[in-house]
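Visitor: sequence and computational prediction follow.
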Amino acid sequence: MDKPYRLIGSNPSPYSVKMRALMRYRRLPFFWEWRNPGNIEETRDVKPQVIPILQYPDGSFRNDSTFVALDLEEKHKERSALPEDPGQRFLNFLLEDMADEWGTKCMFHYRWFYAQDQDFCSKWIAGEWGMGASYGAVLERAAQFRDRQVGRMALVGCTPENRPVIEESYLRVLRVLDEGLKQYPFIFGQRPTLADFGWFGQLFQLYTDPTPSQQMRITGPRVYMWVPRVDDCSGVSAEAELADPDGPLPHSVLGLLKLAGEVYLPFLAANAHAIRNGAEEVTLPIWGMPYRQVTFRYQAKCYDWLRQQFAALDNGARGQLEPVLEEAGCLSYLR
């Protein structure tokens, strides 16, 4: 390849570091560029205006980390981040989607609920975006950004009323992964998959931000060591084996699937049902606690996509997965 990819993002963005780690593992030639006023103007026609944005060698731009990752899989076959087994590949999609759409609630909650996290993160984000600006200008932007993000918390479900569910979610993810990392260095085995990079993107932020970082060191010390490992897996062999698809699933996979059956898929189903019925809010009980937020159309699309991926499996792969998904409480939501 004569010209490298150009990845425009920011360290405090979970999806940016997700894509950067993925491209490092896949050894794709790229350079990393911080989001700044210059490239904001350059990419103003990219919709939606979210990062990361990947510029391809032909000059075109694309975003939405999951579908960019899948496009890169089509263009580059070496060092794939997808399991070869169709059943494992579907589970990988489900766990990655849960990281992107539910794990991000944990990230957003901790970042903008606690005062010390608001202060730290607003200055971190403003400092990255305003490199070269005066410290006074950074502080001014930090205050503006903090106010904006705190004002958006209800939109993503990060309300004081939902705090017990979201914080319990984070604790359970830490416990599941911490236990699983006793067995394998990555979620599906000896090398990372897209599911690892999805969870890494969220957990990198939680690893960095003050309050959840302390909780991670206490509840998930192996996870705390796993985060910097996943940040650069360029030295991990692509020949390293994933768990045998005909054998028991790894502990991390089983634990995360159980959380998907208890939390994520019920939420997706309730959100889709609310949208179909013209409701403005979705409400459901999670672990006996109330959860409520405004409906979110993108997450309805995620739900449709997951169900399409499951339906597309051949009878053998689907038949092999169904008992596992049934036991985890996931199956009824995917049919």
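Guide: Okay, I see it.

Visitor: so what does whichever strand or helix holds residue 298 touch, helix or strand wise?
Guide: According to DSSP states H and E, residue 298 maps onto helix 297-311. The contact analysis (3 or more C-beta pairs under 8 Å, 6 or more residues apart in numbering; DSSP states H and E) places helix 297-311 against helix 86-98, helix 265-276, helix 331-334. To be clear about C-beta, it is placed using only N, CA and C from the backbone, and glycine gets the same treatment.

Visitor: at 10 Å what do you get?
Guide: Contacts defined by 3 or more C-beta pairs under 10 Å, 6 or more residues apart in numbering; DSSP states H and E place helix 297-311 against helix 65-75, helix 86-98, helix 265-276, helix 315-328, helix 331-334.

Visitor: in that helix, which of the residues would be classed as buried?
Guide: By 16 or more other C-beta atoms under 10 Å, the buried positions in helix 297-311 come out as 299-300, 302-303, 306-307, 309-310.

Visitor: could you say which of the helices and strands packed on helix 297-311 is packed most deeply?
Guide: Highest mean neighbour count of these: helix 86-98, a mean of 24 (counted as mean count of other C-beta atoms under 10 Å).

Visitor: send over it as CSV, restricted to the C-alpha atoms.
Guide: Provided in CSV are the C-alpha atoms of helix 86-98 (Å, rounded to 0.1, in the frame of the first residue of the first chain):
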residue,chain,number,x,y,z
PRO,A,86,-19.5,-18.7,12.4
GLY,A,87,-21.0,-19.3,15.8
GLN,A,88,-18.1,-17.6,17.6
ARG,A,89,-18.2,-14.8,15.1
PHE,A,90,-21.8,-14.1,15.9
LEU,A,91,-21.1,-14.1,19.7
ASN,A,92,-18.2,-11.8,19.0
PHE,A,93,-20.6,-9.4,17.3
LEU,A,94,-23.1,-9.5,20.1
LEU,A,95,-20.5,-8.8,22.8
GLU,A,96,-18.9,-6.0,20.8
ASP,A,97,-22.3,-4.4,20.3
MET,A,98,-23.0,-4.6,24.0
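
Visitor: quick one: the residue positioned nearest the centre of the chain from residue 94, how far?
Guide: Against the mean C-alpha coordinate of the chain, by C-alpha atoms, centre = their mean, the closest residue is residue 100 at 3.0 Å. Residue 100 is 11 Å from residue 94, where distance means C-beta to C-beta, to the nearest Å.

Visitor: before we move on, what SS does residue 62 have?
Guide: State at residue 62, reduced to three classes by DSSP: H, G, I helix; E, B strand; the rest coil: strand.

Visitor: got the contact list for residue 156?
Guide: By C-beta atoms under 10 Å, 6 or more residues apart in numbering, the contact list for residue 156 reads 101, 104-105, 107-109, 112, 149, 162, 166, 293-294, 296.

Visitor: no no, residue 130
Guide: Taking C-beta under 10 Å, 6+ apart as the criterion, residue 130 is in contact with 36-37, 137-142.

Visitor: again, but for residue 270
Guide: 279, 282-286, 291, 295, 303.

Visitor: tell me which two in the residues you listed are the farthest apart.
Guide: Greatest spatial distance among these (C-beta to C-beta): 285 and 303, at 18.7 Å.

Visitor: what number of residues lie near residue 155?
Guide: 12 (other C-beta atoms under 10 Å).

Visitor: wait, it touches residue 296, no?
Guide: Yes: contact criterion C-beta atoms under 10 Å: residue 155 and residue 296 qualify, at 8.3 Å.

Visitor: which parts of the helix or strand of the chain with the lowest mean pLDDT are buried?
Guide: Least confident helix or strand, the chain: helix 37-42 with a mean of 90, by mean pLDDT, DSSP states H and E. For helix 37-42, the neighbour count (16+ other C-beta under 10 Å) marks residue 39 as buried.
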